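Student: Sequence first, then the predicted structure:
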4 protein chains.
Amino acid sequence: MKAYRLASREEHPENTIVKIGEQLTVGGRELLVIAGPCAVESREHYLEAASLVKGCGAHVLRGGAFKPRTSPYSFTGLAREGLEILAEARLQTGLPVVTEVMDTRDLELVYEYADILQVGSRNMQNYTLLHEVGKTKKPVLLKRGFAATIMEWLLAAEHIMAAGNSQVILCERGIRTFETYTRNTIDLGAVVAVKELSHLPVIVDPSHGTGRVSMVSPIARAAIAAGADGIMVEVHQNPAEALSDGFQSLTPAAFAQMIGELQRLAEVVGRVLNTPSVIPKEKPDNSVYLC
Amino acid sequence: MKAYRLASREEHPENTIVKIGEQLTVGGRELLVIAGPCAVESREHYLEAASLVKGCGAHVLRGGAFKPRTSPYSFTGLAREGLEILAEARLQTGLPVVTEVMDTRDLELVYEYADILQVGSRNMQNYTLLHEVGKTKKPVLLKRGFAATIMEWLLAAEHIMAAGNSQVILCERGIRTFETYTRNTIDLGAVVAVKELSHLPVIVDPSHGTGRVSMVSPIARAAIAAGADGIMVEVHQNPAEALSDGFQSLTPAAFAQMIGELQRLAEVVGRVLNTPSVIPKEKPDNSVYLC
Amino acid sequence: MKAYRLASREEHPENTIVKIGEQLTVGGRELLVIAGPCAVESREHYLEAASLVKGCGAHVLRGGAFKPRTSPYSFTGLAREGLEILAEARLQTGLPVVTEVMDTRDLELVYEYADILQVGSRNMQNYTLLHEVGKTKKPVLLKRGFAATIMEWLLAAEHIMAAGNSQVILCERGIRTFETYTRNTIDLGAVVAVKELSHLPVIVDPSHGTGRVSMVSPIARAAIAAGADGIMVEVHQNPAEALSDGFQSLTPAAFAQMIGELQRLAEVVGRVLNTPSVIPKEKPDNSVYLC
Amino acid sequence: MKAYRLASREEHPENTIVKIGEQLTVGGRELLVIAGPCAVESREHYLEAASLVKGCGAHVLRGGAFKPRTSPYSFTGLAREGLEILAEARLQTGLPVVTEVMDTRDLELVYEYADILQVGSRNMQNYTLLHEVGKTKKPVLLKRGFAATIMEWLLAAEHIMAAGNSQVILCERGIRTFETYTRNTIDLGAVVAVKELSHLPVIVDPSHGTGRVSMVSPIARAAIAAGADGIMVEVHQNPAEALSDGFQSLTPAAFAQMIGELQRLAEVVGRVLNTPSVIPKEKPDNSVYLC
């Protein structure tokens, strides 16, 4: 018996297409774009951000209500209040939301608000958490551990699937190497490998994968060219004032430009990037304002 | 403000001496030896193992009741039954026990049985777990994440201390590198660094640090020579039949020999390794049997 | 003074366009494709390979005459005989050739035959070799050391440039990490970084970068999408019988298909991949035979 | 056939004892201490340093005449003049000298002056250099490449031995990992592994292995406890003014203290550290002056 079975393409040759909310999917021909600020910082700020990223073409909103932080003295998120703001943003934009759950005790609460449950990089081998999200019915975004091998990542997915939930979306977000210029080393070879080894959808997070705003768009393009099923990026109205990760957050304008580039790229690799929510081109001023 | 304060030697120049059970300490002149099988496999087996390692000179018993496993199909421990066996072994030998807590929901249960709460390598950045063990009053054995920097390790200790518990014992257990001959690369430079940067006691786990039984004793000696405050090793009556980690488990005889070597070494580096529990030398047959 | 000056984009904002032979360049709008077997194995074999890769659209031929090998008992190349075969292939195809120089004593000989002098990954910090190729007038293909930081790589280029030769082509070929599924971890973030930090052209070697033939084309696409100026790939008529690196060598047919994909991709990222040597489309049978 | 044969303990069960100069050996019971400044900076300075380190108990002098430097603008050594100073120091102290050879073209020159030919970490896979030192009759100190696996290191030794020279001394000097607090991660597991896999002597360089002067002595002790056959350390009269590596150089006083610690440690691990050159204890003032 192989170490991973349920996640293996050998056992399940066709791509798994994960359904998100009512209208979206990931893993098929259409690419998925998840965007938003790193953390939910305040109601006003997040609702504005949500509106902006929707206007630029995002399909799913991201935003942390529970933030894992290396230092105990850093901002750790707004918790339940953050979740409520996410819910309001969803109502306002009509977009589903993804947010991280860090602790099995919070799962019920997060489950109530999130459309996709995110398991963060530091928790990729938190097996009790994997087991619990595996018992739910919502899609799980499983970020690769920053020092996890491809096999360990697939086995983490197997933990979720073995508990009953096959709606797993993998997310490559860079690994830890000797290189210090970039925050992490984005491993696009892992994306190609995982598409071969598994039937699960894989997206890429170029924001954490590089840690440098100027590198986000080129790596997003590279991810799609390598076969990724989508991307997740940090976007912030005013990166210089972000409570976390401002140095790697795109402005809405840069995000909108990236979306356009990815749309053209998608076609030549046999994919499509639909952004029905974008304000039609005949209203350029509004478009500029929104993005 | 520095990123870590409570764990910093600058703020607290004297060594922290952590009290374990009624009679033991770690962080002072006396070295600490923790030993036992990787997992609690069965009552009979564990009680025999406990008796053997006590006879060889161990101060603290180790044994996992909750085991984090890369594959969802591996043995994951006996849970509550395992904890009860640990309690029986403690009663029988008089030695305190250390065992891993993997989930905040299990903490109350584990707390009831363990003398030292172990936070495993995969959970070093499980901040909610750190916070919860930080609210207890028992010593915490904090294993270094297999890809955690020295700073991140000290910050994980800071999370525990910031929640109120200053009884933290650090444990170096090897880091992940490109080398494949050894299971991990044991980082004794980190031991020296942490003794300089922090006042907390540091022990070394050469079993996980090398993954090869023939390397355990030399690395245990090196750890003590580098300034570690103790070691934690896997010992199994019959390594070939262990349910986990047999390839890196010492036999009781090899363990006893290592203890003798460490005792001689301790003296030349200004430390002492007391093993009051060892059967006196005038009963050699028994000693041989026990070890 | 910064550590690197001559290689820095700050000091030299415009892209350096390196001229190769009479008609080719790299670093401008046109993408460069280097292809061929890992090693020159025999006259007959190499001439056939050269003809095939030309037919598929390669611009430059690759092939090792001096091969660095981890084991002293492996095939180490045909040396002078290999160089003579390369010269014959150049004459026959009209394509320039790149081949590795491993030792300062061989430089004069290799210089006579090669159009581009390759400095291999293991020699990226062989400073006397860098100095000597820096005193020549031919372009130098400088592969990134498999454990070199981006800064060390640029400083290696600086060594060549400080000796007088500014015709340096950088080549990312994967770095060594903990991951074992792929031969190396291709670092496309480094490609983006180097394009920002330096004015030198950068190409990518997805063959060594992945070590798996099925991953070569997706990573080649990703490299171009990330902004690389070209690619270098291993192509072999019969990969299963290659004396080295067969497991990562494309067949001519797969290579031809990849070229087509890259041509379409080039357009959407503002580049062009010209392959004037390809047999015109109106002779499809011949084209199929050649590729 | 295994990849390495000549270097393998399976093929050659007994330890190889390498003879150095007339009176010294490494690989037997006696430990070897190599010491001196990183580079030969000037005649006056080096002769004083040589006298000091001899007075403290060193067996072999180290000092670079050819220095590999990451930046082309750093001090690269005095070349032939440096070698002549080394020869004078040898004459004055009676101690053999080890110095690095970086280029096959320099080998004849270096061979004339050195008692041990050092192959540096960056050149561990410079196979033509390995081949050439393999054709000589002098001992070769083979530093581990900073990203070389244990197997690659042994295969580099095999390259030298296959060329005819079996007098190879291995030197662990730290590997490159994600950790940034230390300059490298010293890998004492590799020392243990190499003693098992090979019959060749192994020494440790804690200066490069840690990059921090306060860590040199503890890691030197750990190396000997792990089974290393000796150490190589950087010692400088005035570390703050060293042209290279001052931050990791011991003062003579710290070096002398370390020697004393290692002597006591050697005994408990079945080794001996003889320092016949040390001024007898009955002249304490002089001893203090010299060290």
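Tutor: Right, received. Where do you want to start?
Student: Enumerate the residues of chain A near chain D.
Tutor: A:147, A:176-178, A:180 (C-beta under 8 Å from any C-beta of the partner chain). No exception for glycine: its C-beta is placed from N, CA and C like everyone else's.
Student: And the helices in chain A, which stretches?
Tutor: A:43-56, A:80-93, A:107-113, A:127-134, A:150-162, A:188-197, A:206-210, A:213-226, A:252-268, A:284-290 (DSSP state H).
Student: which residue is nearest the middle of chain A?
Tutor: residue A:232 (3.9 Å; C-alpha atoms, centre = their mean).
Student: Provide a list of residues in contact with that residue.
Tutor: A:33-35, A:62, A:98, A:141, A:171, A:203-205, A:207 (C-beta atoms under 8 Å, 6 or more residues apart in numbering or on different chains).
Student: Test of understanding: give the bridge partners of it.
Tutor: On the basis of DSSP bridges, residue A:232 is bridged to residue A:34.
Student: Look up how far chain D lies from it.
Tutor: Here the criterion is C-beta to the nearest C-beta, to the nearest Å. By it, residue A:232 lies 23 Å from chain D.
Student: Could you do residue A:191 as well?
Tutor: Residue A:191 is 21 Å from chain D, by C-beta to the nearest C-beta.
Student: what about that residue, neighbour count?
Tutor: Neighbour count for residue A:191, taken as other C-beta atoms under 10 Å in any protein chain shown: 29.
Student: shouldn't residue A:183 be in contact with residue A:174?
Tutor: Yes. Between residue A:183 and residue A:174 there is a contact under C-beta atoms under 8 Å: 6.9 Å.
Student: what touches both of those two?
Tutor: Common neighbours of residue A:183 and residue A:174, using C-beta under 8 Å, 6+ apart, are A:208-211.
Student: Need the nearest residue in space to the residue of the stretch 101-250 of chain A found nearest chain B, chain neighbours excluded.
Tutor: The minimum distance from the stretch 101-250 of chain A to chain B, using C-beta to the nearest C-beta, falls at residue A:147 (3.1 Å). Distances taken as C-beta to C-beta, 6 or more residues apart in numbering or on different chains place residue B:147 nearest to residue A:147, at 3.1 Å, with adjacent residues excluded.
Student: so where's the stretch 1-150 of chain A shaky on pLDDT?
Tutor: Applying pLDDT under 70 to the stretch 1-150 of chain A flags the ranges A:1-2.
Student: Near chain C, which residues of it are found?
Tutor: A:147, A:149-150.
Student: so which of the residues you listed comes closest to residue C:42?
Tutor: residue A:150 (37.1 Å; C-beta to C-beta).
Student: Number of residues surrounding the closest one?
Tutor: 23.
Student: Over to the closest residue to it other than its chain neighbours: give its phi and psi.
Tutor: Closest residue in space to residue A:150, ignoring its immediate chain neighbours: residue C:181 at 4.7 Å, by C-beta to C-beta, 6+ apart. With angles defined as degrees, to the nearest 10, residue C:181 sits at phi -70, psi -40.
Student: gap between residue C:181 and residue C:215?
Tutor: Distance, residue C:181 to residue C:215, using C-beta to C-beta, to the nearest Å: 10 Å.
Student: so who does the nearest residue to residue A:205 once chain neighbours are set aside touch?
Tutor: Nearest in space to residue A:205, with sequence neighbours left out and distances taken as C-beta to C-beta, 6+ apart, is residue A:173 at 4.0 Å. Listed by C-beta under 8 Å, 6+ apart, the contact set of residue A:173 reads A:121, A:143-144, A:146, A:184, A:186, A:204-205, A:208-209.
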